[in-house]
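1. make a model of this:
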Amino acid sequence: MAQDFRNTLAREIGTGDTTILTAGNYDAVIGIRCCNIVATTILVDVYITNTATNYYIAKNVSIPPNSAIELIQGGAKIVMKLGDVLYAKSDTASSLDIVTSYISQISS
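-> Next up, the predicted model:
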């Protein structure tokens with residue numbers, strides 16, 4: 001069966017909760033790259049909300065100036081079910097870019 005690979009791009013994320021991905025019918029997140037685009041260290045949160053509860057993938061992760069981190073590595077995956085929402089935020093305004101890769105609807 002063919003897989004439907006997709007990505008989302010989020011630019012200049014700041015201190016508010018920013019929606020990265022709202023899951024369809026069982027999406028598999030296969031990559032989350034967070035890049036600090038400012039000249040100071042930032043703290044980043046990335047989490048999934050499921051029925052009003054936050055489940056953190058990263059909490060207060062420090063990213064040095066002009067650096068990046070990969071949150072999913074080595075073939076790992078995070079499966080999100082219908083209605084789950086992936087969010088990100090930084091402690092600094094307009095400081096974070098995120099590239100997220102996922103496989104859409106791995107099951108129906």
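2. tell me who's in contact with residue 71.
-> Applying Cβ atoms under 8 Å, 6 or more residues apart in numbering to residue 71 gives the contacts 32-34, 46, 57-58. To be clear about C-beta, it is placed using only N, CA and C from the backbone, and glycine gets the same treatment.
3. of those residues, keep whichever come out buried.
-> With neighbours counted by 16 or more other Cβ atoms under 10 Å, the contacts of residue 71 contain buried members at 32, 34, 46, 57-58.
4. what about those, which are in helices?
-> Counting by DSSP state H, none of the members of the buried ones among the contacts of residue 71 fall within helices.
5. widest-spaced pair of those residues?
-> Looking at the buried ones among the contacts of residue 71 by Cβ to Cβ, the two members farthest from one another are 34 and 57, with 10.1 Å of separation.
6. quick one: low-confidence residue ranges for this structure.
-> Residues of the chain that meet the criterion pLDDT under 70 lie in 1-2, 107-108.
7. where do the strands sit along it?
-> For the chain, the strands defined by DSSP state E cover 4-13, 18-22, 27-36, 42-50, 53-63, 68-70, 78-80, 85-90, 96-104.
8. so the fourth one versus strand 53-63, what angle?
-> Yep, that's strand 42-50 we're talking about. When axes from the mean of the first three to the mean of the last three Cα atoms, to 10 degrees is applied, the directions of strand 42-50 and strand 53-63 differ by 160 degrees.
9. may I have the strands that pair with strand 42-50, each with its orientation?
-> Sheet pairing for strand 42-50, assigned by DSSP bridges, gives strand 53-63 (antiparallel), strand 85-90 (antiparallel).
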